[in-house]
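1. sequence unavailable; structure follows:
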Ligand SMILES: [Zn+2]
């Protein structure tokens with residue numbers, strides 16, 4: 001089974017949809033990647049629910065979390 005999940009999120013700055021590949025081993029972690037469209041740093045927060053499904057939330061750098 002592939003542990004990589006592809007999900008689509010919207011950039012918190014420009015609203016463009018971004019495809020992200022999430023490794024299940026990244027659950028509970030946060031990382032920062034620049035938007036491919038507007039080149040601003042997006043914080044990705046990876047979480048796993050009780051079913052073992054991973055999901056990702058995005059934050060702009062001026063949002064507190
Ligand atoms: Zn963007």
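-> On my side now, so go ahead. Computed from a prediction, not measured in an experiment: that's the story for all the values here. Residues are numbered from 1 along each chain as shown.
2. and the spatially most central residue of the chain, what element?
-> In the chain, the C-alpha nearest the mean C-alpha coordinate belongs to residue 44, at 3.7 Å (CA atoms, centre = their mean). Element membership for residue 44 (DSSP states H and E) is strand 41-48.
3. quick check: residues of this protein near the ion?
-> 11, 13-14, 35, 37-38 (CB under 5 Å from the ion). The way it works is simple: take the backbone N, C-alpha and C, and place the C-beta from them, glycine included.
4. check those and tell me the two furthest apart.
-> Using CB to CB, the pair of the residues of the chain next to the ion lying farthest apart is 13 and 37, separated by 8.6 Å.
5. between those two, which one's more packed in?
-> Set residue 13 next to residue 37 and count neighbours by other CB atoms under 10 Å: residue 13 wins out with 17 against 13.
6. with adjacent residues omitted, what lies nearest to the more buried one?
-> residue 40 (4.7 Å; CB to CB, 6 or more residues apart in numbering).
7. from residue 10, how far out is the one you found?
-> Residue 40 is 13 Å from residue 10, where distance means CB to CB, to the nearest Å.
8. what pLDDT does the residue nearest to residue 13 get?
-> Note on residue 40: pLDDT of 96.
9. contacting residues around residue 14?
-> 35, 37-38, 40 (CB atoms under 8 Å, 6 or more residues apart in numbering).
10. at 7 Å what do you get?
-> 35, 37-38 (CB atoms under 7 Å, 6 or more residues apart in numbering).
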